[in-house]
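Q: coordinates only, no sequence provided:
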DNA sequence: AATGAATGAGCATTCATTCAT
DNA sequence: CATGAATGAATGCTCATTCAT
């Protein structure tokens, strides 16, 4: 099932000079793709941006899609490596979660809305052929968080009644939604604040609620509800609720 | 005398037959767009799928983009209407949240991965010109949840220290990430289970965690007392655990 | 060789009401064609301008080209009729020439650059099939001038050593070139002045120069030339030349 | 960041091979355009006529209109250059006029009715965007005649009571009307005869008609006298006819 | 190693024209 | 008589991709 990669003979014999070229092209391509999006970018434009002919680009990458995927791959590889190196240095599940969330936000926002779009949206469109590669990249990228979570689950630090993928969806979904908001509205949120708030909420979701507290909270909700139904302003309750964090 | 915008063929005063046609085209277009994505779909294919000429399609919609936007708009309008009608019938914030999450999951998964892709990914790509319309649709669509949350915040039922947009990002982000997982892996998760789990986690994030749990206990005692005075037997024993952050 | 006119059965049985319709359409079409030019005009626009469907237009005219040709024909017929009626009322060859030139200028400039363009340029483009009709219209249109000239030639009032068509080319060519200038630059020249000037020049060309005067003029030219070659400023000659009308 | 105008493929740094191609395309395009007219010609046909793909043509010219304009421009440039070089070599205003008229006739008739149509009719239609360029070409093309006339006017050799543009309209208008006749009737007139006749008529229009012919006679007498004093025998008998308006 | 040149395959969009009702 | 609806047939233009040099 592996995409039958048209083995580019040329790629084999790449010397040092060539490696540099590849990186150069990837850099420019990242720039162009993230500015215009995949469909609107043209190989010509990429080539021209580095004073090279289209043909040259095609001698290093088999296709436009290939090039785009490499761009995305580079991005994922970079941040994945960093995560793999840095996360283990953090102590404490919550702190690790916070670190990952913050990093995700920060990295994607760093280059403006461009990479956001590319990784979050365009990357998704670019064809089935690369679906597997995408999945692999994504898997590696989310592995650190997954590891954090599975360890924490095993130790009972976080709730065990939720499937791991769902926890991942919670974290990345919410975080990326924030990023997408940024893309659409172009309002750059404060990274630190947002990361803290997100982590806070995630943590609330993750932490195992002791049965009693849970019951208590539920009770609180129900009473408040009942009061509301009686048209009695539940001022008192509201005040109780208003002092968290 | 300014360049007279050549209005598309007819479009006004649609007869009954025409209305049917419009709907027919929208249906087929939804199908095609959701299967292939916007860029890879061609108007020709849409036309052929309904044994009609390309020109016919263009006599009902001014452009390919117009058509696609209408498709997306119809989808949003439908589900938005339903939400606006149904959510108020639900009693209780948590139940409303659950309803919305479940509905979101169910609706988008209902037609296979197609509409997921279209709404979640393509919908995001299709051009600046429609950005505003997209935003409007989205705004209306998320309005019910927003209202639920803002009401609940005002009453103190959910925490007030989180900005509304972030709460929305939490809910829609996580939910849509689950959906996207479905798109990528093609593993359809169980809707009810997932909705329940997500809601559970969201609720944990949303519920106000009183910093001073003693206050909560005190509240319990007082309410129990009050109830006793009303001859209503109160249940629930408040043993307080101290692990909330 | 006559263009096999697709006999429009409909046209035969046209009642009075229909005649009115035909005229109505022709009016609107003239408007549209002259504003936008043939290629850029659409039947749809013409139809809409009179709140009728495209199909209706086509039930009165076999094709867009037909319609355009009718528009041009109407224009030619109108002005031809007028010329045929009015020219004979004028007395004197020169006055008749002046009248025709002035009328040509005035009529074509009357409706702005639109009809100029249509009659002078678009009319020429619209297809070989109608070439003959065009030629006929043109022939009838130029007939009055031709008659004036042939009469004057026979009587010896104007020179007989020039072929009639060339005289016609002289008059219409120059006049229409003036009109075209107007189309291009959009500077409307004064009709009376221009007509007078053109007629003046035409008349000089037409009038038979008595051999002696001709020789004299030629002599004048040669002497002036010779003087110039000697670098002697021919002030005297210039002064002599400067007092004509 | 303004919408970056996607420059057409190459176009800069044309190699030797390319230059040849450009000329080749221009030649074929001239052929096609002049045979069919702008609107009816298709780039495809031009491409096929030279066994090249449509895309190739578009890689040398940004658009169909661009191509057509280049064709027209080349024609104008060629003849303009020739005129600029040749006219100054001619001695005598009348001879220069004759030369220009003859050249205009000859050049346009040389390639059959094709270039006539293109330059005389299509050239006028092809869009506002190129209006200015057209005007420039035309200006340069008519400049030699204009110069001849303005010099002759200043020296008093031709009448000064007519605006230069009108003189130009007279000459080019009549000449082009002759050409258009050729286009319509396909009867090729004899170039030399026609040029001579036209020039003759033009000259009659241009020559200053002294209001007081006596002055002219007097001038003749004086010059004759002067000549006699130089022992140069003067010919020409001044018998003055009185029919100049 | 680099590229100039060429192109195949598309693709959205327009409109005159037809015809059943 | 009028027309709503449908469409066939073009057409200009774009770009990823190939390949000889």
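A: Structure's in. What do you need? Because the structure is predicted, anything quoted here is derived from the model rather than measured.
Q: can you tell me if the host helix or strand of residue A:57 touches DNA strand F.
A: Per DSSP states H and E, residue A:57 falls inside helix A:54-60. Yes. Residues of helix A:54-60 contacting DNA strand F under C-beta under 7 Å from any atom of the strand: A:54-55, A:58. In short, each C-beta sits where N, CA and C put it, glycine included.
Q: and chain B, which of these contact it?
A: Applying C-beta under 8 Å from any C-beta of the partner chain, the subset of the residues of helix A:54-60 next to DNA strand F adjacent to chain B is empty.
Q: now these in a markdown table, please, with extra columns for pLDDT and neighbour count.
A: Formatted as a markdown table, these follow (pLDDT from 0 to 100; neighbours: other C-beta atoms under 10 Å in any protein chain shown):
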| residue | pLDDT | neighbour count |
| --- | --- | --- |
| A:54 | 92 | 15 |
| A:55 | 92 | 9 |
| A:58 | 93 | 17 |
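Q: report the separation between residue A:48 and residue A:54.
A: 9 Å (C-beta to C-beta, to the nearest Å).
Q: I meant to write residue A:176 there.
A: 34 Å.
Q: need the contact partners of stretch A:143-162.
A: With contacts defined as C-beta atoms under 8 Å, 6 or more residues apart in numbering or on different chains, stretch A:143-162 is touched by A:80, A:83-84, A:87, A:93, A:96-97, A:100, A:164, A:167-168, A:171-172, A:206-209, B:197, B:200-201.
Q: next: stretch A:94-112.
A: Contacts for stretch A:94-112 (C-beta under 8 Å, 6+ apart): A:34, A:79, A:82-83, A:86-87, A:90, A:115-116, A:119-120, A:144-145, A:148, A:171-172, A:175-176, A:178-179, A:182, A:188, A:191-192, A:194-196, A:198-199, A:202-203, A:206.
Q: list the buried residues for that stretch?
A: Within stretch A:94-112, the residues that qualify as buried are A:94, A:96-105, A:107-109, counting by 16 or more other C-beta atoms under 10 Å in any protein chain shown.
Q: DNA strand F: which of these is nearest?
A: residue A:108 (24.6 Å; C-beta to the nearest atom of the strand).
Q: the closest one: which element?
A: Using DSSP H and E, residue A:108 sits within helix A:93-110.
Q: the domain parsing of chain A - what is it?
A: Split into domains by automatic domain parsing, chain A comes to A:16-208, A:212-241.
Q: chain center to the longest one, what's the gap?
A: When C-alpha coordinates are averaged (C-alpha atoms, centre = their mean, to the nearest Å), domain A:16-208 and its chain have centres 5 Å apart.
Q: now swap in stretch A:198-209 and tell me
A: 19 Å.
Q: what residues of it count as buried?
A: Buried-residue list, stretch A:198-209, by 16+ other C-beta under 10 Å: A:198-209.
Q: what residues does that stretch touch?
A: A:94, A:97-98, A:101-102, A:149, A:152, A:156, A:158-160, A:167, A:170-171, A:174-175, A:178, A:217, A:245, B:162, B:166, B:170, B:201-202, B:204-207, B:209, B:243-245.
Q: what does chain A have sitting close to DNA strand F?
A: Going by C-beta under 7 Å from any atom of the strand, the residues of chain A near DNA strand F are A:41-44, A:54-55, A:58, A:62-65.
Q: let's see 10 Å
A: Contact residues (C-beta under 10 Å from any atom of the strand) of chain A with DNA strand F: A:6, A:8, A:36, A:38-47, A:53-59, A:61-68.
Q: and the closest residue to chain D within chain A, what's its pLDDT?
A: Nearest residue of chain A to chain D, counting by C-beta to the nearest C-beta: residue A:44, 7.2 Å away. Residue A:44 is assigned 93 on the pLDDT scale.
Q: which of the contacts of stretch A:94-112 are buried? Put it as a ChimeraX command.
A: Under the burial definition 16+ other C-beta under 10 Å, those of the contacts of stretch A:94-112 that qualify are selected in ChimeraX by:
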select /A:34,79,83,87,115,116,119,120,144,145,148,171,172,175,176,178,179,182,191,194,195,198,199,202,203,206
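Q: in helices only, show me the contacts of stretch A:94-112.
A: Counted as lying in helices by DSSP state H, out of the contacts of stretch A:94-112, are A:34, A:79, A:82-83, A:86, A:115-116, A:144-145, A:148, A:171-172, A:175-176, A:178-179, A:182, A:191-192, A:194-196, A:198-199, A:202-203, A:206.
Q: okay, and for chain A, where does confidence drop off?
A: A:1-17, A:123, A:125-128, A:209-221, A:224-225, A:227-245 (pLDDT under 70).
Q: what about the nearest residue in space to residue A:61 that is not next to it in sequence, how many residues nearby?
A: Distance criterion C-beta to C-beta, 6 or more residues apart in numbering or on different chains; nearest residue to residue A:61, sequence neighbours excluded, is residue A:67 at 4.1 Å. A total of 24 residues lie near residue A:67 under the criterion other C-beta atoms under 10 Å in any protein chain shown.
Q: might one say that residue A:67 is in contact with residue A:54?
A: No. With contact defined as C-beta atoms under 8 Å, residue A:67 does not reach residue A:54; the gap is 11.5 Å.
Q: now the common contact residues for the two.
A: residue A:43.
Q: chain B versus residue A:80, what's the distance?
A: 18 Å (C-beta to the nearest C-beta, to the nearest Å).
Q: actually residue A:176, sorry about that
A: Distance from residue A:176 to chain B, by C-beta to the nearest C-beta: 6 Å.
Q: which non-adjacent residue is nearest residue A:74?
A: residue A:26 (5.7 Å).
Q: run through the neighbouring helices and strands of the one helix or strand that neighbour maps to.
A: Using DSSP H and E, residue A:26 sits within helix A:16-36. If you count contacts as 3 or more C-beta pairs under 8 Å, 6 or more residues apart in numbering or on different chains; DSSP states H and E, helix A:16-36 packs onto helix A:43-49, helix A:54-60, helix A:64-86, helix A:113-116.
Q: can you tell if it touches DNA strand E?
A: Yes. Using C-beta under 10 Å from any atom of the strand, helix A:16-36 reaches DNA strand E at A:17-18, A:20-22, A:24-25.
Q: and that helix with helix A:64-86, angle?
A: 100 degrees (axes from the mean of the first three to the mean of the last three C-alpha atoms, to 10 degrees).
Q: before we move on, the earlier item: residue B:130 is nearest to which of the helices and strands packed on helix A:16-36?
A: helix A:113-116 (17.1 Å; C-beta to C-beta).
Q: can you tell me what sits against the closest one?
A: Taking C-beta under 8 Å, 6+ apart as the rule, helix A:113-116 contacts A:30-31, A:33-35, A:75, A:108-109, A:179-180, A:182-183, A:186.
Q: so which of the residues of helix A:54-60 next to DNA strand F also contact DNA strand E?
A: Among the residues of helix A:54-60 next to DNA strand F, DNA strand E is touched by A:54-55, A:58 when using C-beta under 10 Å from any atom of the strand.
Q: nearest to residue D:136 among those residues?
A: Nearest to residue D:136 among these, with distances taken as C-beta to C-beta, is residue A:54, at 35.1 Å.
Q: whatever residue of chain A ends up closest to chain C: what's it in contact with?
A: Per C-beta to the nearest C-beta, residue A:40 is where chain A lies closest to chain C, at 30.1 Å. Applying C-beta under 8 Å, 6+ apart, we find residue A:40 in contact with no residue.
Q: now residue A:131: how far from residue A:80?
A: 18 Å.
Q: neighbour count winner among these two?
A: Between residue A:131 and residue A:80, residue A:80 has the larger neighbour count (other C-beta under 10 Å), namely 19 against 16.
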